[in-house]
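Asks: Next come a sequence and a model predicted from it.
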Amino acid sequence: MPDTTTAPESVFDEVVDLIGALVGDDLDLLGVEVRRDTAFHEDLGLESVDLVTLGGLLADRYGPRVNLAEHLAEFELDDVIGLTVGRIADYVAAALGER
């Protein structure tokens, strides 16, 4: 059953955990402290395929209300390239808050 915790700080922590699961030991090797302003591409070196994988992990965790691919379809390319962990966490919290 998907978890529906919507507190922004809880969602942020869970998104960071999912990113850690996605990149594994690479996150430790990068030596990056993941914060709200950490950029997926520039700071973590993640590519679009990694965002697709993260979208699947988010859907598994939170259910169909969290559809990252649909959300990102509204973005311009530069916005996707500059995407931060905080923006993803904010999206997830907002999507979960919609009843």
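Replies: Cool, got the structure.
Asks: And the next helix or strand past the one helix or strand in the chain whose mean pLDDT sits lowest?
Replies: Across the helices and strands of the chain, the lowest-confidence element by mean pLDDT, DSSP states H and E is helix 25-30, at a mean of 64. Scanning forward in sequence from helix 25-30 by DSSP states H and E, the next helix or strand is helix 48-62.
Asks: what element comes up after that following helix heading to the C-terminus?
Replies: Taking DSSP H and E as the definition, the helix or strand that follows helix 48-62 towards the C-terminus is helix 68-72.
Asks: Give the other helices and strands that that following helix contacts.
Replies: Helix 68-72 makes packing contacts with helix 48-62, helix 85-97 when contacts are defined by 3 or more Cβ pairs under 8 Å, 6 or more residues apart in numbering; DSSP states H and E. For glycine as for every other residue, the C-beta is placed from the backbone atoms N, C-alpha and C.
Asks: what's the spacing between the residue minimising distance to the centre of the chain and Pro64?
Replies: For the chain, the residue whose C-alpha lies nearest the mean C-alpha position (Cα atoms, centre = their mean) is Ile88; its distance is 4.4 Å. When distance is defined by Cβ to Cβ, to the nearest Å, Ile88 is 17 Å away from Pro64.
Asks: Run through who's touching stretch 67-84.
Replies: Outside stretch 67-84, the residues that touch it by Cβ atoms under 8 Å, 6 or more residues apart in numbering are 36-42, 48, 51-52, 54-55, 58-59, 88, 91, 95.
Asks: give me every residue that touches the residue nearest to the centre of the chain.
Replies: Ile88 makes contact with Val15, Phe40, Leu54, Leu58, Leu68, according to Cβ under 8 Å, 6+ apart.
Asks: repeat for Tyr91
Replies: Going by Cβ under 8 Å, 6+ apart, Tyr91 touches Val66, Leu68, His71.
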